[in-house]
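> build me a structure from this.
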Amino acid sequence: MAHNQEMLEHHGAAWGSKVRIIGLSIDYSTKAVKIKVDENGWNKVEHYQCGKDSNADDEFCVKGVPHVLLVDTEGKIVFKGHPSERPDLAEDIDNLLKGEKLSGISEKEVKGDEIVQEKSSGLSNEEYLAAKIKLDE
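Numbering: from 1, shown residues only. The predicted structure follows:
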């Protein structure tokens, strides 16, 4: 999360409202998450909590934490996985903003454990956040 905060501090002016970094907590306690966010000054990242009944990990094929989803300018998920699988997330975001494809990404898309040829239509911001609880609400 610290790296996400740093990326927004460094690139926020250039990215403007075109880039959002969202922290989606799987912790059961909203209070614990808020304390951690406040203590660490992670105020540029938007924080949401899934709650114990959420199925977000199944919906987004999360196999471990941390987990990153990169969404292109058309609203399509173009990468899912551990952030260490991408050498430079800030550069990836810059490239996506230019409408470029990410390097090292197969044209195949992974759904769960199955590789499929057809690309997903992606999720809109509204669909992605519809079931989430904003921490500061």
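> where does residue 48 land in three-state SS?
Following DSSP: H, G, I helix; E, B strand; the rest coil, residue 48 is assigned to strand.
> count the residues that sit near it.
20 (other C-beta atoms under 10 Å). C-betas here are computed from N, CA, C, even on glycine.
> my read: it touches residue 21, true?
No: with contact defined as C-beta atoms under 8 Å, residue 48 does not count as touching residue 21 (11.5 Å).
> can you show me the strands along this structure?
22-25, 46-49, 68-71, 77-81, 109-111, 114-116, 133-134 (DSSP state E).
> run through who's touching the third one.
Applying C-beta atoms under 8 Å, 6 or more residues apart in numbering, the external contacts of strand 68-71 come out as 60, 77-83, 86, 89, 92-93, 96, 102, 122-123.
> rerun at 10 Å
With contact meaning C-beta atoms under 10 Å, 6 or more residues apart in numbering, strand 68-71 is reached by 4, 19-22, 24, 60-62, 76-86, 89, 92-93, 95-96, 102, 105, 122-125, 128.
> so among those residues, which ones count as buried?
Neighbour-count burial (16 or more other C-beta atoms under 10 Å) applied to the contacts of strand 68-71 gives 4, 19, 21, 24, 61-62, 77-81, 86, 89, 92-93, 95-96, 123, 128.
> mind checking which residue lies nearest the centre of the chain?
Centroid check for the chain by C-alpha atoms, centre = their mean gives residue 69 as the closest residue, at 4.2 Å.
> so in terms of bridging, what pairs with that one?
Under DSSP bridges, the beta-bridge partners of residue 69 are residue 80.
> tell me the pLDDT at it?
Looking at residue 69, its pLDDT is 84.
> buried set for the lengthiest helix in the chain?
As assigned by DSSP state H, the longest helix anywhere in the chain is helix 2-15. Going by neighbour count (16+ other C-beta under 10 Å), the buried part of helix 2-15 is 4-5, 7-8, 15.
> what two of the residues you listed are the furthest from one another?
5 and 15 (13.6 Å; C-beta to C-beta).
> list residues touching both of these two?
Joint contacts of residue 5 and residue 15 (C-beta under 10 Å, 6+ apart) are residue 21.
> re the thing from before, so which of the buried residues of helix 2-15 comes closest to residue 31?
residue 5 (20.4 Å).
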